[in-house]
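J.: Attaching a predicted model along with its sequence, questions to come.
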Amino acid sequence: MTKGPVFRTITVFALPMLLGNMLQQMYNVIDTWVVGNFIGSDALAGVGSAYTLMIFLTSILLGLCMGSGVVFSLCFGQKDEQKLKESVRTAFLLIAAVTVLLAAIPILALDNILAWINIPQEILTLTKKYLFIVFLGIPAVFVYNFFAAYLKALGNAVVPLIFLGLSTAVNIAFDLLFVVVFRWGTSGAAGATILAQYISGIGVCAYVLKKDSVMRSALGHMKLNHKGIREIAGYSVFTCLQQSVMNLGILMVQGLVNSFGTTIMAAFAAAVKIDSFAYMPAQEYGNAFSTFVAQNMGANKKKRVVNGIKCAALTSITYCVAASFILRFQAKNLMQIFISASETVIVEEGVRYLHIEGAFYCGIGCLFLLYGFYRATAKPAMSLVLTVISLGTRVALAYLLSPISSIGVTGIWWAIPIGWFLADTVGIVYLIVNRKKILPVDAVEDVKC
């Protein structure tokens with residue numbers, strides 16, 4: 001990523017990452033579609049709440065893998081193979097230890113967690129069964145994201161995509177078999193999901209171990225390097241905190257949504273899936289941009305980084321405007337993919353959510369770029385600060401506005417874009433004020449997208 005036109009370089013790398021993330025998200029989207037169409041709205045409400053909780057837990061692993069991937073990119077850009085091996089070994093052992101805790105603690109504390117997020121009594125049992133099974137897939141989430149982060153750091157986003165494609169096909173097949181044919185309900189949907197996750201995780205792990213001598217050498221000698229722990233932790237812990245804080249805020253919002261009953265829960269569950277897919281290209285472009293910045297910083301090509309900022313901002317804003325326009329006119333049709341048209345109240349509330357969030361995608365598109373930039377320039381703490389601002393604003397406003405009778409649940413929806421734009425303002429002002437420290441370049445070439 002240190003050569004060639006900026007736009008083409010980032011976009012070509014981002015496309016398979018985007019497709020990979022879309023396939024990964026398809027696990028739960030398929031569950032949502034099958035549950036919403038073949039079991040009912042109560043089951044959809046339970047699966048939607050479970051999804052938010054699982055995203056919070058797996059975001060911890062995702063953050064650790066993303067942070068480690070930045071270190072891998074820097075080592076690769078510096079062409080330092082020995083340091084790359086040490087970083088891979090250290091990151092693997094660190095994240096594996098966290099995975100053990102994440103797989104055990106939620107199962108032991110499941111009843112308390114469900115009470116905390118206000119799961120209604122009428123869907124408590126099915127939500128609990130669904131989550132218990134899905135928790136068993138946490139090790140697979142670690143394996144896939146660790147080896148995928150390694151490949152992406154080296155510029156290979158295609159192989160993870162292939163294995164995700166295979167596992168998604170398996171997930172669809174088993175979802176239909178377990179839920180539609182065998183009538184196993186939400187437990188069947190959960191079982192299909194974890195089977196698919198293990199296929200993608202084991203597949204990409206086997207590929208990397210077979211093809212990559214650096215990975216084989218790194219994992220063949222499980223000896224920790226204390227200096228390496230500090231470096232991996234320096235990037236990964238802040239990125240992990242950023243991801244977990246972000247999703248903790250979302251989980252707290254989910255708890256507030258749950259207090260409005262199963263109708264609002266079902267609307268939120270379906271609308272969030274559509275919302276996530278709509279802004280996903282901006283999210284993955286931000287992740288690709290982060291790898292681009294990290295490799296070029298490692299190669300000491302700071303002018304190219306500056307040009308990349310300009311090009312990435314233009315590309316992300318253009319996409320977000322287009323996505324906002326499409327969602328404005330297609331929200332109702334998209335909601336009816338998950339919810340029967342006869343469920344008019346659920347559909348209408350989901351459309352209201354999408355019209356509010358979708359109008360402001362430029363805010364979250366800019367925020368993804370800022371997250372990626374600060375991770376790649378050795379300032380992951382700044383990404384955490386922006387996340388705290390965005391989510392803190394969201395949670396505070398949601399809890400302040402929603403009890404007002406004239407506002408109600410709409411206050412939760414409006415709190416989200418307000419948080420995005422406040423964080424954007426802080427991130428951009430910080431970059432302008434500290435540009436010479438972060439990117440000390442004497443002259444900047446014209447942007448070459």
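T.: That came through fine.
J.: rest of the way, CA atoms for contacts and neighbours
T.: Will do.
J.: Below-threshold pLDDT in the stretch 51-200 of the chain: ranges please.
T.: Applying pLDDT under 70 to the predicted model, the stretch 51-200 of the chain contains no residue that meets it.
J.: All the helices of it, residue numbers only.
T.: Here the stretch 51-200 of the chain has its helices, by DSSP state H, counting those that start in this stretch, at 81-108, 110-116, 124-135, 138-153, 158-175, 185-211.
J.: Just put these in a markdown table and tack on mean neighbour count and distance to Gly48.
T.: Output for the helices of the stretch 51-200 of the chain, formatted as a markdown table (neighbours: other CA atoms under 10 Å; distance: least, CA to CA, whole Å):
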| stretch | mean neighbour count | distance to Gly48 |
| --- | --- | --- |
| helix 81-108 | 18 | 17 |
| helix 110-116 | 14 | 13 |
| helix 124-135 | 19 | 9 |
| helix 138-153 | 24 | 18 |
| helix 158-175 | 21 | 16 |
| helix 185-211 | 21 | 11 |
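J.: Go through these and name the closest to Arg304.
T.: Closest approach to Arg304 among the helices of the stretch 51-200 of the chain is made by helix 138-153 (18.0 Å; CA to CA).
J.: Against which helices or strands is that closest one packed?
T.: Of the remaining helices and strands, those touching helix 138-153 by 3 or more CA pairs under 8 Å, 6 or more residues apart in numbering; DSSP states H and E are helix 41-78, helix 81-108, helix 158-175, helix 185-211.
J.: Is it possible to get JSON lines of those that adds distance to Lys437?
T.: JSON lines is the format used below for those (distance: least, CA to CA, whole Å):
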{"stretch": "helix 41-78", "distance to Lys437": "19"}
{"stretch": "helix 81-108", "distance to Lys437": "26"}
{"stretch": "helix 158-175", "distance to Lys437": "35"}
{"stretch": "helix 185-211", "distance to Lys437": "37"}
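J.: returning to that earlier point: to Tyr279, which of the helices of the stretch 51-200 of the chain lies closest?
T.: Sorting the helices of the stretch 51-200 of the chain by CA to CA, the top spot, which is the nearest, belongs to helix 158-175 at 18.9 Å.
J.: I'd like the helices of the stretch 51-200 of the chain as JSON lines, with distance to Leu248 appended.
T.: Shown next, in JSON lines, are these (distance: least, CA to CA, whole Å):
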{"stretch": "helix 81-108", "distance to Leu248": "14"}
{"stretch": "helix 110-116", "distance to Leu248": "12"}
{"stretch": "helix 124-135", "distance to Leu248": "17"}
{"stretch": "helix 138-153", "distance to Leu248": "17"}
{"stretch": "helix 158-175", "distance to Leu248": "26"}
{"stretch": "helix 185-211", "distance to Leu248": "22"}
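J.: List just the one of the ones you listed that sits closest to Leu256.
T.: Across the helices of the stretch 51-200 of the chain, closest to Leu256 is helix 110-116 (CA to CA), at 10.2 Å.
J.: Tell me which residue is most central in this protein.
T.: Centroid check for the chain by CA atoms, centre = their mean gives Ser59 as the closest residue, at 6.8 Å.
J.: Hmm, Cys240 and it touching each other?
T.: Yes - applying CA atoms under 8 Å as the test, Ser59 and Cys240 come out as touching, 7.2 Å apart.
J.: thinking again about what came up before, quick one: closest of the helices and strands packed on helix 138-153 to Ala149.
T.: Closest among these, once you apply CA to CA, is helix 41-78, at 5.2 Å.
J.: What residues of the closest one count as buried?
T.: Buried residues in helix 41-78, defined by neighbour count with 16 or more other CA atoms under 10 Å: 41-78.
J.: That one versus helix 124-135: what angle between them?
T.: 20 degrees (axes from the mean of the first three to the mean of the last three CA atoms, to 10 degrees).
J.: okay, the angle between helix 41-78 and helix 185-211?
T.: Put simply, helix 41-78 runs at 10 degrees to helix 185-211, going by the same axes, to 10 degrees.
J.: Show me what helix 41-78 is packed against.
T.: helix 6-38, helix 81-108, helix 124-135, helix 138-153, helix 226-258, helix 262-298, helix 361-376.
J.: Nearest residue to Ala331 in space, please, no chain neighbours.
T.: Val351 (5.5 Å; CA to CA, 6 or more residues apart in numbering).
J.: Secondary structure class of the one you found, three-state.
T.: Following DSSP: H, G, I helix; E, B strand; the rest coil, Val351 is assigned to helix.
J.: Just give the number of residues close to it.
T.: As a burial measure, Val351 scores 27 neighbours (other CA atoms under 10 Å).
J.: so what's it up against?
T.: Counting by CA atoms under 8 Å, 6 or more residues apart in numbering, Val351 touches Ala271, Ala331, Lys332, Met335.
J.: Provide the secondary structure category for Asn314.
T.: Actually, residue 314 is Leu rather than Asn. Applying three-state DSSP to Leu314 yields a three-state assignment of helix.
J.: State the number of residues packed around it.
T.: Counted with other CA under 10 Å, residues neighbouring Leu314 total 14.
J.: What pLDDT is listed against it?
T.: Confidence at Leu314, expressed as pLDDT, is 92.
J.: for Met26, same thing?
T.: 66.
J.: now swap in the one 5 residues further on and tell me
T.: The predicted local confidence for Asp31 comes out at a pLDDT of 69.
J.: Then Gly228?
T.: pLDDT recorded at Gly228 is 65.
J.: now Tyr235
T.: Tyr235 is given a pLDDT of 68.
J.: Out of the helices of the stretch 51-200 of the chain, which is closest to Met265?
T.: So among those, helix 124-135 is nearest, using CA to CA, at 12.7 Å.
J.: Output the contacting helices and strands for that closest one.
T.: Using 3+ CA pairs under 8 Å, 6+ apart: helix 124-135 touches helix 41-78, helix 81-108, helix 110-116, helix 185-211.
J.: If I take that helix and helix 81-108, what angle do their directions form?
T.: Between the axis of helix 124-135 and that of helix 81-108 there is an angle of 160 degrees, by the same axes, to 10 degrees.
J.: what does helix 124-135 contact?
T.: So helix 124-135 is contacted by 43, 46-47, 49-50, 54, 103, 106-107, 110-111, 114, 186-187, 189-191, 193-194 (CA under 8 Å, 6+ apart).
J.: any idea which of the contacts of Val351 is closest to Val429?
T.: Ala271 (32.3 Å).
J.: Quick one: residues contacting the nearest residue to that closest one once chain neighbours are set aside.
T.: In space, and not counting its chain neighbours, Ala271 is closest to Gly350: 5.2 Å by CA to CA, 6+ apart. The contact partners of Gly350, by CA under 8 Å, 6+ apart, come to Ala267, Phe268, Ala270, Ala271, Met335.
J.: Distance check, the third one against Val321.
T.: Right, the one you point to is Ala270. According to CA to CA, to the nearest Å, Ala270 and Val321 sit 22 Å apart.
J.: More neighbours: those two, which one.
T.: Neighbours per residue, other CA under 10 Å: of Ala270 and Val321, the larger number sits with Ala270, 27 against 16.
J.: Now for that one: which residues touch it?
T.: Contacts here follow CA under 8 Å, 6+ apart; on that basis Ala270 touches Thr32, Gly48, Met335, Phe338, Ile339, Gly350.
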